[in-house]
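*Asks:* here are the coordinates; sequence isn't available:
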């Protein structure tokens, strides 16, 4: 109700939500928001799926780069929601979560990101007074690589460049010599190069055609160029 009048929100059609359970899941994040300050909320258990929906609707865009938002959506929709979406928050236990992460056919670093995304979700659940503690705090996930990355020798790097054509040859040269991320290379402009002082300033990144800030503040420090 708003200003004394009932307020309605269009969620979808019966074709999209053929069953009552489907419709209830679709509006769960709205119910959570409406009852947030209402004592009745304790009588409406919240699922992980509902928590994801509320987080995406209210918090995901706040202060996060487009690439970070995209990564979180991938972790939520591809991994966390299919496994845990229908589970009530108070039923999530650290041991099954740990076993699930171990069984995922992914690199340890990716598993670590999924664990951290899940931890963030439950931290917001605590802020929203849905739960009293975060079970993911007890989940340990190593980010250690399975194998040591192979580093190209100068000769191998030169051989790689010989196989490339511009603009990719120039992009790989800049990335290899300055240690830039692909998104940072895509964001470079001629004005970012200080020819007098031989320095490059990384001021932006480009992901999926969208201009954004660099991933870290350290990325914005000037990079020296060789006079040769």
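*Replies:* Done, it's in. Remember, predicted model here, so these are calculated numbers, not experimental data. Residues are numbered from 1 along each chain as shown.

*Asks:* So for the one helix or strand residue 52 maps to, mean pLDDT?
*Replies:* Assigned by DSSP states H and E, residue 52 belongs to helix 48-58. If you average the pLDDT over helix 48-58, you get 95.

*Asks:* Going by neighbour count, which residues of that helix are buried?
*Replies:* Along helix 48-58, these residues count as buried under the neighbour rule (16 or more other Cβ atoms under 10 Å): 48-56. Using the backbone N, CA and C atoms, a C-beta is placed for each residue, glycine as well.

*Asks:* ok, of those, which one's closest to residue 136?
*Replies:* Distance to residue 136, by Cβ to Cβ, is smallest for residue 48 among these, at 11.0 Å.

*Asks:* what's near enough to touch that closest one?
*Replies:* Residue 48 is in contact with 80-81, 84-89, 92, 121, counting by Cβ atoms under 8 Å, 6 or more residues apart in numbering.

*Asks:* run the last query once more with 7 Å
*Replies:* Shown in contact with residue 48 (Cβ atoms under 7 Å, 6 or more residues apart in numbering): 80, 84-85, 87, 89, 92.

*Asks:* pLDDT weak spots in the chain?
*Replies:* 1-9, 11, 14, 17, 20-44, 145-146, 215-220, 228 (pLDDT under 70).

*Asks:* Mind naming the longest helix for it?
*Replies:* With secondary structure taken from DSSP state H, the chain has its longest helix at helix 108-127.

*Asks:* any idea how far the residue nearest to the spatial centre of the chain is from residue 137?
*Replies:* By Cα atoms, centre = their mean, the chain has its centre lying nearest to residue 72, at 2.6 Å. Distance of residue 72 to residue 137, given as Cβ to Cβ, to the nearest Å: 19 Å.

*Asks:* what's the longest helix of the chain packed up against?
*Replies:* helix 48-58, helix 94-103 (3 or more Cβ pairs under 7 Å, 6 or more residues apart in numbering; DSSP states H and E).

*Asks:* What are the buried residues along stretch 58-77?
*Replies:* Quick answer for stretch 58-77 (16+ other Cβ under 10 Å): 59-60, 65-67, 72, 75-76.

*Asks:* my bad, stretch 90-106
*Replies:* 92, 97-98, 100-101.

*Asks:* would CSV of those residues with distance to residue 141 be doable?
*Replies:* As requested, the buried residues of stretch 90-106 are exported to CSV (distance: Cβ to Cβ, whole Å):
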residue, distance to residue 141
92, 15
97, 9
98, 8
100, 11
101, 6
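
*Asks:* Could you work out the most separated pair of these?
*Replies:* Within the buried residues of stretch 90-106, 92 and 101 form the most distant pair, 12.8 Å apart (Cβ to Cβ).

*Asks:* what about residue 149, neighbour count?
*Replies:* By other Cβ atoms under 10 Å, 5 other residues sit near residue 149.

*Asks:* Turn the contacts of residue 48 into CSV, including distance to residue 127.
*Replies:* What follows is those, written out as CSV (distance: Cβ to Cβ, whole Å):
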residue, distance to residue 127
80, 18
84, 19
85, 20
87, 20
89, 13
92, 17
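
*Asks:* Quick one: the strands in this structure, in order.
*Replies:* With DSSP state E as the criterion, the chain has strands at 193-194, 199-200, 205-207, 210-212, 223-224.

*Asks:* For residue 165, find the nearest of these.
*Replies:* Short answer: strand 205-207, nearest of those by Cβ to Cβ, at 20.9 Å.

*Asks:* List the neighbouring strands of the closest one plus their orientation.
*Replies:* Partners of strand 205-207 in the sheet, by DSSP bridges, are strand 210-212 (antiparallel).
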